[in-house]
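Q: Predicted model and sequence follow; I will ask about them next.
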Amino acid sequence: MNLRVLIVLLASVWSSQLHLIAAYPEKPIKVIVPTNAGGETDGLTRLLQRAIAENELLPEKMIVVNLPGAGGTLGTRKIKQAKPDGYTLGLWHSGIVTSKAMGIVDYDHNDFELICMSGYTELLLGVTQNSRFKTIDDLLDEARTTPRSVKVSTNVGLPVHLIPLLFAEKAGVEFRFIQTGGGAPRLASLLGGHSDMTMLSTMAFVNFRESGLKPLVTFSGERDPMFPDLPTSKEIGVDVELVEIRVWLAPKGTPEPILETIRFAIKSVIDDPEIAKEMKALGVVPVYGDRDTAQPMLDKLLTAVTPLVAKARNMGR
């Protein structure tokens, strides 16, 4: 093949790619949610999907596909393996980092195109109102005196596992972790007296307050407005400050103009006061962040939890 023919062929391919990008999207966009329908991440995805459609921010609709299993890794692997053409995206949380740290998968956020962050969830550790622990100091005192006496229901390999483990490490205590699963099983374990503590979002503690749920500490940088008397981890002398971001993912190699199209649509709806209000009702802080915002937050979590992997694998022993 001579040089002229090669140049013509390359120009043809490039022209075709430019056409596809310029016309994007020409068909519905599949958005994979690596969890069951009805949870906070699913609710957020469907809220943003609806808002984007109602405001006609994209010429084609988004279709939400729930793909639960293996702590979210079935869904994230499907996103990773999809064609980088903008027609398969996903919305997940910090589990994209912790699953790699635990060795459950061999990829993390660096193996995707980070589109943006669509808010974050504040995480709280809590007990039941009739618990023997009235404050977080009470709980830590017992954990120091009797290691592994405090049972924590969790979902192994996800932030709800590794963040409490990080908290224990920084506090100089040792909890006993019990694998239960997602939010509903963790809540049932706690309310049923099978565990002493678990980590849930702010809205879970609000919604199930009447069921006897009580938060003890938050990992946010500031006190939660819904629980103004609740101390932060830093306030009690334990240096842990983390939130669970909701991050949009695309397969590696997805063209930047396509990513920018999605960013514009998502940012536009999050900036809408009514949508922001609905996000808050889901327990999601309505803050938009681009790739440069999301990347260091995920990097920070990866750095924090990676040294804890050996302990995490010994959970419950």
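A: Good, I have the coordinates. Residues are numbered from 1 along each chain as shown.
Q: wait, what's in contact with the residue nearest in space to the middle of the chain?
A: Among the residues of the chain, the smallest C-alpha distance to the mean C-alpha position (Cα atoms, centre = their mean) belongs to residue 93, namely 1.6 Å. By Cβ atoms under 8 Å, 6 or more residues apart in numbering, the contact list for residue 93 reads 41, 121, 159, 244, 245, 246, 247. Using the backbone N, CA and C atoms, a C-beta is placed for each residue, glycine as well.
Q: so the fifth one makes contact with residue 298?
A: What that stands for is residue 245. Yes: checked against Cβ atoms under 8 Å, the pair residue 245 and residue 298 is within contact range at 7.4 Å.
Q: Looking at these two, which is more packed in?
A: Neighbours per residue (other Cβ atoms under 10 Å) separate residue 245 from residue 298, with residue 245 holding more: 25 against 20.
Q: circling back to that earlier point, between residue 245 and residue 298, what contacts are shared?
A: residue 94.
Q: what residue ranges in the stretch 51-200 of the chain score low on pLDDT?
A: Counting by pLDDT under 70, the stretch 51-200 of the chain contains no low-confidence residues.
Q: And the strands in it?
A: According to DSSP state E, counting those that start in this stretch, the stretch 51-200 of the chain carries its strands in the segments 62-66, 88-92, 112-121, 123-128, 151-154, 176-179, 197-201.
Q: Distance of the residue lying closest to residue 195 once chain neighbours are set aside relative to residue 198?
A: Nearest in space to residue 195, with sequence neighbours left out and distances taken as Cβ to Cβ, 6 or more residues apart in numbering, is residue 153 at 3.9 Å. To residue 198, residue 153 is 4 Å away according to Cβ to Cβ, to the nearest Å.
Q: Check residue 118 too.
A: Counting by Cβ to Cβ - residue 118 and residue 198 are separated by 25 Å.
Q: So for those two, which sits in the more crowded spot?
A: The residue with more neighbours, out of residue 118 and residue 198, is residue 198; 28 against 25, by other Cβ under 10 Å.
Q: what sits against the more buried one?
A: Taking Cβ under 8 Å, 6+ apart as the definition of contact, the neighbours of residue 198 are 125, 126, 152, 153, 154, 160, 180, 186, 187, 189, 190.
Q: Recalculate using a threshold of 6 Å.
A: With contacts defined as Cβ atoms under 6 Å, 6 or more residues apart in numbering, the neighbours of residue 198 are 153, 186, 190.
Q: If it is in a bridge, with which residues?
A: Counting by DSSP bridges, residue 198 forms beta bridges with residue 126, residue 153.
Q: possible to save the strands of the stretch 51-200 of the chain as a markdown table with distance to residue 257?
A: Listed next are the strands of the stretch 51-200 of the chain as a markdown table, based on distance: least, Cβ to Cβ, whole Å:
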| stretch | distance to residue 257 |
| --- | --- |
| strand 62-66 | 18 |
| strand 88-92 | 15 |
| strand 112-121 | 12 |
| strand 123-128 | 35 |
| strand 151-154 | 41 |
| strand 176-179 | 43 |
| strand 197-201 | 34 |
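Q: Identify whichever of these lies nearest to residue 303.
A: Distance to residue 303, taken as Cβ to Cβ, is lowest for strand 112-121 among these, at 16.8 Å.
Q: And the helices in the stretch 1-150 of the chain, which stretches?
A: 3-23, 40-54, 73-81, 95-101, 136-145 (DSSP state H, counting those that start in this stretch).
Q: same check, this time on the stretch 151-300 of the chain
A: Counting by DSSP H, counting those that start in this stretch, the stretch 151-300 of the chain has these helices, from start to end: 159-171, 183-191, 202-207, 256-270, 273-281, 291-305.
Q: With respect to residue 106, which of those helices lies nearest?
A: If we rank the helices of the stretch 151-300 of the chain by Cβ to Cβ, the stretch that ends up nearest is helix 291-305, at 13.9 Å.
Q: Give me the buried stretch members for the closest one, please.
A: By neighbour count with 16 or more other Cβ atoms under 10 Å, helix 291-305 contains the buried residues 294, 295, 297, 298, 301, 302, 304, 305.
Q: What average pLDDT does that helix get?
A: Helix 291-305 shows an average pLDDT of 94 in the prediction.
Q: residues in contact with that helix?
A: Outside of helix 291-305, the residues within contact range by Cβ under 6 Å, 6+ apart are 94, 97, 98, 101, 109, 114, 117, 162, 166, 245, 247.
Q: Just the CA trace of that helix, in CSV.
A: The C-alpha coordinates for helix 291-305 follow below in CSV (Å, rounded to 0.1, in the frame of the first residue of the first chain):
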residue,chain,number,x,y,z
ARG,A,291,-13.2,14.6,36.2
ASP,A,292,-10.6,16.8,37.9
THR,A,293,-12.8,16.8,41.0
ALA,A,294,-13.7,13.1,41.1
GLN,A,295,-10.2,11.8,40.3
PRO,A,296,-8.4,13.0,43.5
MET,A,297,-11.3,12.0,45.7
LEU,A,298,-11.1,8.4,44.4
ASP,A,299,-7.3,8.5,44.6
LYS,A,300,-7.5,9.5,48.2
LEU,A,301,-9.8,6.6,49.1
LEU,A,302,-7.6,4.1,47.3
THR,A,303,-4.5,5.4,49.2
ALA,A,304,-6.4,5.2,52.5
VAL,A,305,-7.8,1.7,52.2
